[in-house]
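# Dropping the sequence and predicted coords here.
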Amino acid sequence: MSIEDFNVLVATEEHTPFAQAICDEMAESAKARGTGIAKRTPEYVANKMRAGKAVIAFHKDGTWAGFSYIESWGHGDYVANSGLIINPKFRKLGLAKAIKTATFFLSLKMFKGAKLFGLTTGLAVMKINNELGYRPVTFSELTDDDQFWKGCESCVNYPILQSKQRRNCLCTAMLFDPAHDEVKVPRPAGVEEE
């Protein structure tokens, strides 16, 4: 099996029946790793699909393979690519990078000039972000939107974030500012520029 066995596309209404499975896998994966994750409901994930603010992947046999979504903060000045999850039977094939790359370019298209950011404890996500053009930053360079930080409340590490007054935590903050940072990867096929 290789990355050519998958279709990576912008999610739509027709993909909403997969929302529950995606949320279940997000929760199971975080539990297995012992790390935190902002919990999302199937309705939240389905709404991202309906709005065209999500990327989903399927194996050529039709099996759900992976997912990520876009969330904007600070009146669209900041955009996070969140909820990256890969079906366990399709891990270690390069699918996370393919989904993350498609989500990255979709974010640049939908939110022109916005700063893209993320928080992660995962080395693989840090590596992918770096390959895209993100750089590590301090938490002070991220959005100050309280709604974003409220999403951290369901994370097992939230007491640490709170005790540090949102200045740092166990996550690494990464930022891509299109005004200053350079895209390091080619645009994937099927993700047109506007």
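Arrived safely, thanks for sending.

# which stretches of the protein have low pLDDT?
For the chain, the stretches with pLDDT under 70 are 32-38, 190-194.

# now the residue nearest the centre of it, what's its secondary structure?
Note on the chain: the residue nearest the mean C-alpha position is S82, at 2.5 Å, using Cα atoms, centre = their mean. Following DSSP: H, G, I helix; E, B strand; the rest coil, S82 is assigned to strand.

# Could you check how far it is from S154?
Relative to S154, S82 is positioned 13 Å away (Cβ to Cβ, to the nearest Å). Where C-beta positions appear, they are placed from N, C-alpha and C, glycine not excepted.

# those strands in the chain, which residues are they?
Ranges of strands in the chain, per DSSP state E, are 6-10, 54-59, 64-73, 78-86, 115-120, 135-137, 172-176.

# quick one, helices of this structure?
Ranges of helices in the chain, per DSSP state H, are 19-33, 42-50, 95-110, 123-132, 146-150, 158-163.

# Deepest in the core, which of those is it.
helix 95-110 (a mean of 22; mean count of other Cβ atoms under 10 Å).

# Could you check how far the residue with the largest distance to the centre of the chain is from L84?
Residue farthest from the centre of the chain, counting by Cα atoms, centre = their mean, is S163 at 25.5 Å. Note on S163: its distance to L84, by Cβ to Cβ, is 27 Å.

# Endpoint to endpoint, stretch 75-89 covers what distance?
Its start and end residues considered, stretch 75-89 measures 38 Å (Cα to Cα, to the nearest Å).

# tell me which residues of that stretch are tucked away?
Residues 78-87 are the ones in stretch 75-89 that count as buried (16 or more other Cβ atoms under 10 Å).

# show me what contacts the residue lying closest to E25 once chain neighbours are set aside?
Take E25 and drop its neighbours on the chain: the residue closest to it by Cβ to Cβ, 6 or more residues apart in numbering is I85, 5.2 Å away. Counting by Cβ atoms under 8 Å, 6 or more residues apart in numbering, I85 makes contact with 22, 25-26, 29, 66-68.
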